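**Q** With the input below, show me the fold.
(chains A and B)
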There are 2 protein chains.
Amino acid sequence: MKIVLLGAGNVATSLGIALVKAQHEVLQVYSRTISSAQCLANSIGAKAINAVALLSEEADVYLIAIKDNAVAALLEKLPDRLSHKIFAHTGGTLPMEVFKGQCLHYGVVYPLQTFSRSIALDFKEIPIFVEASDERTLSDLIELSQTISTRVEPLSSHKRIYLHLSAVWACNFVNHCYTIASDVLESQALPFDVLRPLISETANKAMRVPPYLAQTGPAVRKDTQTMEKHIKLLEYAPELQQLYKMLSDSIDSHHDKLLKKERI
Amino acid sequence: MKIVLLGAGNVATSLGIALVKAQHEVLQVYSRTISSAQCLANSIGAKAINAVALLSEEADVYLIAIKDNAVAALLEKLPDRLSHKIFAHTGGTLPMEVFKGQCLHYGVVYPLQTFSRSIALDFKEIPIFVEASDERTLSDLIELSQTISTRVEPLSSHKRIYLHLSAVWACNFVNHCYTIASDVLESQALPFDVLRPLISETANKAMRVPPYLAQTGPAVRKDTQTMEKHIKLLEYAPELQQLYKMLSDSIDSHHDKLLKKERI
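**A** Sure thing, here's the model as predicted:
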């Protein structure tokens, strides 16, 4: 297919590379900042533009991968000559209805992964959730998605927002916990490297058993002595002390609801 | 070596199995609850006891893997006939000084991992941090640890407590985030399975780049619109709403300190 990418951030970059690898042609990369557009466009043989008026009419699908809160304003600026084309955004939380009144054929292509500009990922394993305004558009977007991933499923806007919320917990907040762990180690000149087997086993275990069954540590053991010592060590950052307490309380109240013997 | 294990929980179980696999002999398993002692003892060919008076004099090393706040009381009950033996505890936060006045030769053998009773782990990759009262004991405990792991290092009590704190963030709090993600998905009848590639990439990325460089998501993008929607979805659990806000604020303030362009 012929694609136009609107956006040049982490998602647009990863998607652009995967699309070209799957033999699609990316005609243009649009970004408000021409240098960002140029950077991605160069790497995937596309043309960089920074004005919607310059959007090509030649593409089959126009994929929008920009900040959620910038999508509506972008759609308002779309030239009428593109109104019969297929538009899709890639956001986790933005409802499909954002397109209503702006385009005729539209949808959502939501790849569930954490993307970094500089890390090329194998898209094949990444689940992609698709939704569309009509059957024909849905089947076109599913077909497109299936060329880059083996795990493509239709999903409503309503369920997608919950999926995105779960991803914030399982990825964004998890990564922030890694960051705090790394800071704690750095303060003692200990390498982050020592946590590798622990991080890896914690993630792997969640694949094998429901995570609530795998909970370990002072909070679930109600080991207040250890928790108090830890909170004292975090004295230099009252914000982290509060976060430590709140996470521990949450673990405690979550597990009080479960029988202890259920844990493995 | 001949070993006595005091404790029959997750750590004692994993350690007992690894020790026997490395050709050591576990003579006894002590637990206040005889059925717990029996369960572990059976699986590693040891004798179960539930009174310290019954502790054998035949062992070289007595490994204590019980709750931190129960160790001091246990040590007070130790029969004098064992005072010349090597005792070591396996806790992350308990200082080595807990042994002072109770034993002559003592130390700490701290394996940095999350242990579950029912999941047998390959100990070889697990870092073990060792500390001891004297050179001779240190070298004995290092030697013992090296028979089960390839990553054994001496570490002071002071640094060990920071290490343990970092492990709480990187494992216990991370796992709780997985649990919350799992609950969110369950509420929409979505399988936890869809998060596998995301969880695995998030953990893998932390091995390749410093985690603060890998932060993604609405908080670091300052996407308040998305965050507000997510907080609304968590209406059913005010405690989780507060936790979501606090984690997002913490990401925001952490990353304000860094230049955005530093992120990958």
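**Q** Need the distance between the two termini of stretch A:181-196.
**A** Counting by C-alpha to C-alpha, to the nearest Å, you get 12 Å between the two ends of stretch A:181-196.
**Q** contacting residues around that stretch?
**A** Contacts to stretch A:181-196, defined as C-beta atoms under 8 Å, 6 or more residues apart in numbering or on different chains, come from residues A:178, A:233, B:112, B:127, B:159, B:162-163, B:165-167, B:169-170, B:206-207, B:210-212. Where C-beta positions appear, they are placed from N, C-alpha and C, glycine not excepted.
**Q** Same question for stretch A:132-141.
**A** Identification of contacts with stretch A:132-141 by C-beta under 8 Å, 6+ apart yields A:60-61, A:86, A:88, A:96, A:99, A:103-109, A:130-131, A:154.
**Q** try it again with 6 Å
**A** For stretch A:132-141, the surrounding residues in contact (C-beta atoms under 6 Å, 6 or more residues apart in numbering or on different chains) are A:86, A:88, A:105-107, A:109, A:130.
**Q** just stretch A:57-70 next, same as before
**A** A:1-7, A:11-12, A:27, A:85-91, A:94, B:225-226.
**Q** check contacts around residue A:86.
**A** Residue A:86 touches A:61, A:105, A:137, counting by C-beta under 6 Å, 6+ apart.
**Q** List the ones among these that fall in strands.
**A** In strands, defined here by DSSP state E, the members of the contacts of residue A:86 are A:61, A:105.
**Q** show me where chain A has strands.
**A** Ranges of strands within chain A are A:2-6, A:25-30, A:47-49, A:61-64, A:86-89, A:105-111, A:128-132, A:152-154, based on DSSP E.
**Q** And stretch A:78-86, end to end?
**A** 13 Å.
**Q** With stretch A:26-41 instead?
**A** End-to-end for stretch A:26-41, by C-alpha to C-alpha: 8 Å.
**Q** Could you pull up phi and psi at residue A:133?
**A** Note on residue A:133: backbone dihedrals following degrees, to the nearest 10 are phi -70, psi -30.
**Q** Relative to residue A:104, how far out is it?
**A** Distance from residue A:133 to residue A:104, counting by C-beta to C-beta, to the nearest Å: 8 Å.
**Q** How about residue A:27?
**A** Distance, residue A:27 to residue A:104, by C-beta to C-beta: 20 Å.
**Q** of these two, who's got more company?
**A** Between residue A:27 and residue A:104, residue A:27 has the larger neighbour count (other C-beta atoms under 10 Å in any protein chain shown), namely 21 against 14.
**Q** okay but the more buried one is in contact with residue A:56, surely?
**A** Yes. Applying C-beta atoms under 6 Å, one finds residue A:27 in contact with residue A:56, separated by 5.0 Å.
**Q** Tell me where the stretch 151-264 of chain A has helices.
**A** Ranges of helices in the stretch 151-264 of chain A, per DSSP state H, counting those that start in this stretch, are A:157-167, A:174-187, A:196-208, A:218-221, A:224-233, A:238-256.
**Q** Turn these into JSON lines, including mean pLDDT, distance to residue B:45 and mean neighbour count.
**A** Converted to JSON lines, the helices of the stretch 151-264 of chain A look like this (pLDDT from 0 to 100; distance: least, C-beta to C-beta, whole Å; neighbours: other C-beta atoms under 10 Å in any protein chain shown):
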{"stretch": "helix A:157-167", "mean pLDDT": "96", "distance to residue B:45": "44", "mean neighbour count": "21"}
{"stretch": "helix A:174-187", "mean pLDDT": "97", "distance to residue B:45": "38", "mean neighbour count": "23"}
{"stretch": "helix A:196-208", "mean pLDDT": "95", "distance to residue B:45": "26", "mean neighbour count": "20"}
{"stretch": "helix A:218-221", "mean pLDDT": "93", "distance to residue B:45": "28", "mean neighbour count": "23"}
{"stretch": "helix A:224-233", "mean pLDDT": "95", "distance to residue B:45": "32", "mean neighbour count": "17"}
{"stretch": "helix A:238-256", "mean pLDDT": "95", "distance to residue B:45": "33", "mean neighbour count": "17"}
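**Q** now those helices in TSV, with distance to residue B:16?
**A** Converted to TSV, the helices of the stretch 151-264 of chain A look like this (distance: least, C-beta to C-beta, whole Å):
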stretch	distance to residue B:16
helix A:157-167	37
helix A:174-187	28
helix A:196-208	18
helix A:218-221	19
helix A:224-233	23
helix A:238-256	25
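**Q** still on that earlier bit, could you point out which of the contacts of residue A:86 is nearest to residue A:72?
**A** Set against residue A:72, the nearest of the contacts of residue A:86 by C-beta to C-beta is residue A:105 (17.9 Å).
**Q** Give me the pLDDT for residue A:264.
**A** Model confidence at residue A:264, given as pLDDT, is 52.
**Q** no wait, residue A:151
**A** Residue A:151 is assigned 96 on the pLDDT scale.
**Q** What residues does it make contact with?
**A** Taking C-beta under 6 Å, 6+ apart, we find residue A:151 in contact with residue A:127.
**Q** Can you report how many residues neighbour residue A:73?
**A** Residue A:73 has 9 neighbours, counted by other C-beta under 10 Å.
**Q** Near chain B, which residues of the stretch 1-150 of chain A are found?
**A** By C-beta under 6 Å from any C-beta of the partner chain, the residues of the stretch 1-150 of chain A that approach chain B are A:68-69, A:93, A:112-114, A:116, A:118, A:125-127.
**Q** make it 7 Å
**A** Taking C-beta under 7 Å from any C-beta of the partner chain, the part of the stretch 1-150 of chain A that reaches chain B is made up of A:10, A:67-69, A:93, A:112-119, A:121, A:125-127.
**Q** Restricted to buried residues, select those residues in ChimeraX.
**A** A single ChimeraX command selects the buried members of those (16 or more other C-beta atoms under 10 Å in any protein chain shown):
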select /A:10,67,68,93,112,113,114,115,116,117,119,121,126,127
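**Q** Give me the distance between residue A:240 and residue B:169.
**A** Taking C-beta to C-beta, one finds residue A:240 at 9 Å from residue B:169.
**Q** what does residue A:55 give?
**A** According to C-beta to C-beta, residue A:55 stands 46 Å off from residue B:169.
**Q** When the two are compared, which one has more neighbours?
**A** Using other C-beta under 10 Å, the more surrounded residue of residue A:55 and residue B:169 is residue B:169, with 27 against 21.
**Q** what sits against that one?
**A** Counting by C-beta atoms under 7 Å, 6 or more residues apart in numbering or on different chains, residue B:169 touches A:177, A:180-181, A:184.
**Q** closest to residue B:198 among those?
**A** Of these, the one sitting nearest to residue B:198 (C-beta to C-beta) turns out to be residue A:177, at 15.0 Å.
**Q** I'd say that closest one and residue B:170 touch.
**A** Yes. With contacts counted by C-beta atoms under 7 Å, residue A:177 reaches residue B:170, the gap being 6.3 Å.
**Q** quick revisit: Throw the contacts of residue A:86 into TSV and include distance to residue A:197, thanks.
**A** Formatted as TSV, the contacts of residue A:86 follow (distance: C-beta to C-beta, whole Å):
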residue	distance to residue A:197
A:61	43
A:105	49
A:137	47
